[in-house]
Each structure stands twice: as C-alpha cells, then as structure tokens.
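Student: what follows is a predicted protein model with its sequence.
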Amino acid sequence: MTSDPLVVNLHAEVRAVLADPRFTVDPVPRPPQAPEAPTVAWLRGAVGRFAEGAEHAARRAAGEAVLAGLDPGTLRAEAFRLASPEGGPLPCPVELIPVLVLAVALGVPAEDGPRAVEAVAAVAPLYLPVPGADDGGAAREAADAGVALLSRLLGEPAPERLAVLAGLLAQACGATAGLVRAALAAGRADTVNTRGTVEGLLARTLRDDPPVRALRRRAPGGREVVLDIAAANRDPRAFPEPGRAPGDEHASLTFGAGPRACPARRVALALAAGTVEAVLR
C-alpha cells in the first residue's frame, strides 16, 4: 500500500530537501532523439526539468548556455515598451508579454511573436500539468500542434535545442506570467501607494502569492514528498515581518534552491519587472 505523501512546509526544511540530491524528481521517459513530429509528451521527456543524474546536468547546462546569451536589461526594456499604453494595442494579453519578448529573443521573427505566444499558451498547461488540463483530446491535440508550430517559428532547430527553447517558453508562460498577474493584482490593490519599487513588489509577490505553490520530490525510500512553497515562504521563523519584502532576494523559495534551482531567475525577473512597471507606473 502506497504511503500518503509527506508534506513539508517549514522554510528551512523545504530548503534542505531542495539542496539534498537524494530527493529526486520522477523522471519522464527519454524520448526518441529525432521524432517525426515533436509533441508535448516528447518535450516533457526531452527537458532537464523532468530528468535526473547526468542527463539532467547536460540538459540544464544547455539551457544555461542559452540563457547566458540573453541580456536581462534589454529584455526588461522591450517588455516595458510592449506593455506601455503609449505603445498602442497590446499584441497579446499583458501577462504574456514576457513570453512574447522571450520568444523573439530566442529566434522567433518579431512578426510571428503573437503566433508563438498562442502556441506556447496551448503547450504550457500540459507541460506542467494541472488537474483537468488534459482532457485526453482537444487540449493534447492543441498542445502537440503548439510544439510543432514553435519548431517551425524557431527555424526547425535540432531536437535537443528545440527542447531547450520550448521548455524555457513553457516555463515563462506558466511561472513568469503567473508572477505578472499576481504582482499587477497586488499593485492595483495598493490604494495608498505603498508598494515602493517594482523590485520590492515582485519580491513580496514571490513570497506571498507565488506562481509556483508546490514542488514534488521522491525521498530515498520511495515516499513522495510535497514541498509546500507557499507555506514555506510565509514561515514566521524565516520572515518575522510579513508586511515587508525579504531583504535577501534568494530568501523566497519560489525559484527553488539547490542543484535544481530555476536557472532563469534573472531573465524571469527582468521580463516581469518591465511588464509590471509599464502597467503600474
């Protein structure tokens, strides 16, 4: 009989689990090296997020190499430009501006940026599944078509590179867009204008209303462990002053910690900051 998952919700304990390589993710089976048509199932099996060991290290390194070629300042400025009211009609929903900017930075022609956003929006719910996202039919068909369209818009890169690029875009559609939505809601609700800098607003949002609320790991003995990121970020032993943003930008566990911490932190924050600043200024 399978044990119920162990829920960990204290900041120090969650951080310790994330730093311990003995706690692993459940890997997705490795896909064929050269699929005839890339699908969302293939994508999940080809990215570092759902791999372990040497395979995870190699795929993560490939993602870090792509991220190293991006300038956060340039991304922030472009997100600000596109989200600004002076820029004219929005090319996509405001929370998806980071996806659009990132897609163009990764090689999608600017004129095809909105199409790329639509493709990523179809892929993301099945890339990081949520209950009810996969109806076994229309949603999966749309996600598979989205991966195939992304491949064409990106110039049909080699499968390994496509997995890196599509994975980064799916993450931006899930986590970064969620951060923008939550930060805008918090900023608009701040009727006495105490939000301070956009960086402070994002830091508080990451802690208090994180777009990634839980992570899952497998303990050495096989038991599933649920890491309650939302609760850990509110642990009074770690954050004794709930009304203030963390002084250390890495105190929030929303980007993870340890060897599997999100490598796109700087890029995600730059894209979110440019978008939020343009809307709330």
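Tutor: Yep, it's here. Numbers count the residues shown, from 1 in each chain.
Student: could you point out which element follows the helix-or-strand element of the chain with minimal mean pLDDT?
Tutor: Least confident helix or strand of the chain, by mean pLDDT, DSSP states H and E, is helix 198-208 with a mean of 90. Past helix 198-208, further along toward the C-terminus, the next helix or strand under DSSP states H and E is strand 214-218.
Student: other SSEs contacting that following strand?
Tutor: Secondary-structure packing of strand 214-218 (3 or more CB pairs under 8 Å, 6 or more residues apart in numbering; DSSP states H and E): helix 11-19, strand 224-228, helix 229-232. Heads up, the C-betas are built off the backbone N, CA and C, glycines and all.
Student: with just CA atoms, put it into CSV.
Tutor: The C-alpha trace of strand 214-218 is given here as CSV (Å, rounded to 0.1, in the frame of the first residue of the first chain):
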residue,chain,number,x,y,z
ALA,A,214,4.4,23.4,-4.5
LEU,A,215,7.1,21.1,-5.8
ARG,A,216,7.3,17.3,-5.6
ARG,A,217,10.3,15.1,-4.8
ARG,A,218,10.8,11.4,-4.2
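Student: same question for that strand, mean pLDDT?
Tutor: The average pLDDT within strand 214-218 is 95.
Student: what's the answer for stretch 140-158, then?
Tutor: 95.
Student: got it, and stretch 60-72?
Tutor: 97.
Student: where do the helices sit along the stretch 101-250 of the chain?
Tutor: Taking DSSP state H, counting those that start in this stretch as the criterion, the stretch 101-250 of the chain carries its helices at 113-127, 138-153, 159-171, 177-189, 198-208, 229-232.
Student: between those, which gets nearest to residue 254?
Tutor: Closest to residue 254 of these, according to CB to CB: helix 198-208, at 4.4 Å.
Student: picking that back up, pick the most buried one from the helices and strands packed on strand 214-218.
Tutor: helix 229-232 (a mean of 21; mean count of other CB atoms under 10 Å).
Student: one step back: turn the helices of the stretch 101-250 of the chain into TSV, including distance to residue 258.
Tutor: Output for those, formatted as TSV (distance: least, CB to CB, whole Å):
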stretch	distance to residue 258
helix 113-127	22
helix 138-153	29
helix 159-171	18
helix 177-189	21
helix 198-208	17
helix 229-232	13
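Student: which one of the helices and strands packed on strand 214-218 lies closest to residue 209?
Tutor: Short answer: helix 229-232, nearest of the helices and strands packed on strand 214-218 by CB to CB, at 8.0 Å.
Student: using CSV, write out every CA atom in the closest one.
Tutor: Output of helix 229-232 as CSV, limited to C-alpha atoms (Å, rounded to 0.1, in the frame of the first residue of the first chain):
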residue,chain,number,x,y,z
ILE,A,229,6.4,26.5,-1.2
ALA,A,230,3.6,28.9,-0.5
ALA,A,231,3.6,27.9,3.2
ALA,A,232,7.4,27.9,3.5
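Student: so what touches it?
Tutor: 8-11, 13-15, 210, 212-215, 238, 253-254 (CB atoms under 8 Å, 6 or more residues apart in numbering).
Student: which regions of the stretch 1-150 of the chain lie under the pLDDT threshold?
Tutor: Along the stretch 1-150 of the chain, segments meeting pLDDT under 70 span 1-2, 32-35, 129-136.
Student: that should have said the stretch 151-281 of the chain, apologies.
Tutor: Low-confidence segments of the stretch 151-281 of the chain (pLDDT under 70): 191-196, 241-251.
Student: so who does the nearest residue to residue 102 once chain neighbours are set aside touch?
Tutor: For residue 102, ignoring the flanking residues on the chain, the nearest one in space by CB to CB, 6 or more residues apart in numbering is residue 172 at 5.2 Å. Residue 172 sits next to 98, 99, 102, 120, 264, 268, 271 when contact means CB under 8 Å, 6+ apart.
Student: so for the least confident helix or strand of the chain, what gets flagged as buried?
Tutor: 198, 201, 202, 203, 204, 205, 206, 207, 208 (16 or more other CB atoms under 10 Å).
Student: just to revisit the earlier point, of the helices of the stretch 101-250 of the chain, which is nearest residue 27?
Tutor: helix 159-171 (14.3 Å).
Student: that closest one: which residues count as buried?
Tutor: Residues of helix 159-171 classed as buried under the neighbour-count rule (16+ other CB under 10 Å) are 159, 161, 162, 163, 164, 165, 166, 167, 168, 169, 170, 171.
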